[in-house]
Structure formats: structure tokens, C-alpha cells
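> turn this into a model:
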Amino acid sequence: MMSQEPFSILAVCTGNVCRSPAAERLLGGKLGPTVAVTSAGTDALIGHSIADPMAALLLDSGFESDSFEARRLSEHMIKEADLVLSMTRAQRGLVVELWPAAVRRAFTLPEFARLLNWVDSAALPAGSPAERLRAAVPLAAAGRGRERRSPDEDDVVDPFRRSKAVYKASFAQITSAVDTIVYTIVMSQPRRARHV
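Numbering: from 1, shown residues only. Got it, this is the predicted structure:
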């Protein structure tokens, strides 16, 4: 019998006011109630809300941006997460440094989305997003090193205190990766088996 516990995703960036809250809101909104998504920052602006330009992009896409307070990444948060999605390779390194056992379930957001492209959706159980994610994480980890890529392709650009154009570029990277994850986890199974 598959676990009925929610699957927990922790999104990580630097200040926890731009990239990771956007990933949190998008993933949480698109994966549904069996997946619990939170976020934190390696050098968080503790207590701050989502940066205005990112909040506006979320609202324009139909996602709430209120009721958010930035928080600092901790070892406990990493231990509690079933999947850690950082915005850069350096942040992933900090996650693994804080808790080395996270190495096989910590990815950058673009990296996890890319690795899911190698996962045969038929290898995932028909069921809730939580059940499919539990099966997908080890399969994605096993696919590391399968292709040579520019390391920069696995990082999401940091828009903090930069132009609106950079915020849009960053949000587009996040949205693209989230959509790939959602497609594999939710949309690629037979319609009558879908659970959200």
C-alpha cells in the first residue's frame, strides 16, 4: 500500500523572497493537496514578503502572493523534505553540506525537470502526485550524468534588485521547469487515474 502522507517539497534560493517563493506557489498550486510545498533561503531576508515584481508575476499567472514570510534554511527543514529543489547548483551544495543524506533527493529545479524527461512515465505508479513523485525522485537521481550539459543550464537567474526584464526571465525559467514536472507527474498518466 502506498503512503498516504503528503509528499513534501522544499524550494531553496538565497533570500527566499523571489525564486523559491515563486516555485513554492507554482508547484503547490499545480500539484494539488497531496503535495506540500514550502520554501526557505540560505541567506534569507527573514520575515519579508515576496518581492513586489515577483508577486506581480505570480498574480498575473493566477497565483496568490500574500501570507508569505521568508525564512532561513535549516537542517531540520531538509530532513523533513522528500525533495529539495534549489535554484542554483551552489545552493544545492549548501543543502547537501547541511545534511549530506539529502544528496539523492536534492536537485536544482531545472535539473529535476530535465531529469524527469528521461523517466518513463509508465514506470511511475498510477495514483496521486505524491505517489508518483515518491517513485520519480530515485529514478531522476539515477539519471544524473546521463548527458553533458552546460552547468549554467541548471541554475535559475537571481532577479533580486534587478530589472523587471530579469524578473520575467527568472519567472519564465521557473514556470518552464514547473510545467515539465507537472506534465510528468500529473498529465502523463491515463486520464481516469489522475489524482490532484
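> mind checking the SS state of residue 33?
coil (DSSP: H, G, I helix; E, B strand; the rest coil).
> quickly find the element holding residue 38.
strand 35-41 (DSSP states H and E).
> helices and strands around the helix or strand just after that strand, which ones?
Under the assignment DSSP H and E, the closest C-terminal helix or strand after strand 35-41 is helix 52-60. For helix 52-60, the packing partners by 3 or more Cβ pairs under 8 Å, 6 or more residues apart in numbering; DSSP states H and E come out as helix 19-31, helix 164-182. Yep, even glycine has a C-beta here, placed from its N, CA and C like the rest.
> highest average neighbour count across these?
helix 19-31 (a mean of 25; mean count of other Cβ atoms under 10 Å).
> chain center to that one: distance?
7 Å (Cα atoms, centre = their mean, to the nearest Å).
> dump it to PDB, keeping only the CA atoms.
C-alpha atoms of helix 19-31 as PDB (Å, rounded to 0.1, in the frame of the first residue of the first chain):
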ATOM      1  CA  ARG A  19      12.700  32.500  -6.800                       C
ATOM      2  CA  SER A  20      11.900  29.900  -4.100                       C
ATOM      3  CA  PRO A  21       8.500  31.500  -3.100                       C
ATOM      4  CA  ALA A  22       7.600  31.600  -6.800                       C
ATOM      5  CA  ALA A  23       8.500  27.900  -7.100                       C
ATOM      6  CA  GLU A  24       6.600  27.200  -3.900                       C
ATOM      7  CA  ARG A  25       3.400  28.800  -5.100                       C
ATOM      8  CA  LEU A  26       3.500  27.400  -8.600                       C
ATOM      9  CA  LEU A  27       4.300  23.800  -7.600                       C
ATOM     10  CA  GLY A  28       1.800  23.900  -4.700                       C
ATOM     11  CA  GLY A  29      -0.900  25.300  -6.900                       C
ATOM     12  CA  LYS A  30      -0.400  22.800  -9.800                       C
ATOM     13  CA  LEU A  31       0.400  19.600  -7.900                       C
END
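> now that helix against helix 164-182, angle please.
40 degrees (axes from the mean of the first three to the mean of the last three Cα atoms, to 10 degrees).
> hey, what's the residue most central in space within the chain bridged with?
Centroid-nearest residue in the chain: residue 85, 4.3 Å away (criterion: Cα atoms, centre = their mean). Beta-bridge pairing of residue 85 under DSSP bridges involves residue 11, residue 107.
> re earlier: so which of the helices and strands packed on helix 52-60 is nearest residue 140?
Using Cβ to Cβ as the measure, helix 164-182 is the one of the helices and strands packed on helix 52-60 that comes nearest residue 140, at 9.9 Å.
> this completes my enquiry, with thanks.
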